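Visitor: turn this into a structure:
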Amino acid sequence: MATLEILKYPDPRLKQESVEVEHFDDDLQRFLDDLEETMGDGPGAVGIAAPQVGRFQRIAIVDISSKPKLVNHGRMFLINPEIVEWDGLAVGREGCLSVPDYTGNVVRAERIKLRYLDRDGNEIEIDTEGYEARAVQHEMDHLDGMLFVDRVVSRRHDLFRRKHYKQRGER
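Guide: This is a model prediction of the structure:
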């Protein structure tokens, strides 16, 4: 496995739309392993999308299980994900590995019904809400060439500079 380089804003490739995955082969499995390792090396990352590492396919990983009090579906490999239903709206603070110096307030659906293929090509459909639903929507935006800074409520009042982005293993 390898840790992949994460593209950083304002890299224009982050605005590129991704194509659907058609082949579930060894190359895809190796890439999923590398993407998973890259996410694990990120400071507190709960998700990562393929376009963030320069692969423009509809692939993301979401895992909020490090937040033990939150109901979640564990580590999800989201391939060709689509939101089939959504309900409610809520504002929440978001950050991103590709925009390491900022966080911002973003409006997202509170609850979603999500359909996707897992890493073996099996179709999955789940209902999720709250923080996990927010993380899924954030990663799915990357697949359409969107960043959370494109969705902040107000760039003047809802975009915040990080004081320090703690790296893994740093005290």
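
Visitor: going forward, measure contacts between C-alpha atoms and count neighbours the same way
Guide: Fine.

Visitor: quick one: stretch 103-112 to chain centroid distance?
Guide: On the basis of C-alpha atoms, centre = their mean, to the nearest Å, the separation between the geometric centre of stretch 103-112 and that of its chain is 13 Å.

Visitor: pLDDT on it, on average?
Guide: pLDDT averaged over stretch 103-112 equals 97, rounded to a whole number.

Visitor: contacts for that stretch, please.
Guide: For stretch 103-112, the external contacting residues (C-alpha atoms under 8 Å, 6 or more residues apart in numbering) are 83-96, 127-130, 133-134, 137, 148-149, 151-153, 158-162.

Visitor: one more pass at 6 Å, please.
Guide: 85-95, 127-130, 151-153, 158-160 (C-alpha atoms under 6 Å, 6 or more residues apart in numbering).

Visitor: what comes up buried for the host helix or strand of G88?
Guide: Take DSSP states H and E as the rule and G88 turns out to sit in strand 76-96. Judged by neighbour count using 16 or more other C-alpha atoms under 10 Å, the buried positions of strand 76-96 are 76-83, 86, 94-96.

Visitor: could you tell me how far that strand lies from the centre of the chain?
Guide: Taking mean C-alpha positions (C-alpha atoms, centre = their mean), strand 76-96 and its chain are 9 Å apart.

Visitor: quick one: strands adjacent to that strand?
Guide: Neighbouring strands of strand 76-96 in its sheet, by DSSP bridges, are strand 59-62 (antiparallel), strand 99-117 (antiparallel).

Visitor: could you dump it to PDB, C-alpha only?
Guide: Backbone C-alpha positions of strand 76-96 (Å, rounded to 0.1, in the frame of the first residue of the first chain) are rendered in PDB as follows:
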ATOM      1  CA  MET A  76     -17.900   2.600   3.800                       C
ATOM      2  CA  PHE A  77     -16.300   2.300   0.400                       C
ATOM      3  CA  LEU A  78     -18.700   4.400  -1.800                       C
ATOM      4  CA  ILE A  79     -18.400   3.600  -5.400                       C
ATOM      5  CA  ASN A  80     -20.800   5.400  -7.900                       C
ATOM      6  CA  PRO A  81     -22.800   6.800  -4.900                       C
ATOM      7  CA  GLU A  82     -26.100   8.600  -5.400                       C
ATOM      8  CA  ILE A  83     -28.400  10.200  -3.000                       C
ATOM      9  CA  VAL A  84     -31.900   8.900  -3.700                       C
ATOM     10  CA  GLU A  85     -33.800  10.800  -1.000                       C
ATOM     11  CA  TRP A  86     -33.000  13.600   1.400                       C
ATOM     12  CA  ASP A  87     -34.800  15.500   4.200                       C
ATOM     13  CA  GLY A  88     -34.200  18.500   6.400                       C
ATOM     14  CA  LEU A  89     -31.400  21.100   6.300                       C
ATOM     15  CA  ALA A  90     -28.800  21.900   8.900                       C
ATOM     16  CA  VAL A  91     -25.700  24.100   9.100                       C
ATOM     17  CA  GLY A  92     -22.500  22.500  10.300                       C
ATOM     18  CA  ARG A  93     -18.800  23.200  10.400                       C
ATOM     19  CA  GLU A  94     -16.600  21.300   7.900                       C
ATOM     20  CA  GLY A  95     -13.000  20.900   7.100                       C
ATOM     21  CA  CYS A  96     -11.100  19.200   4.300                       C
END
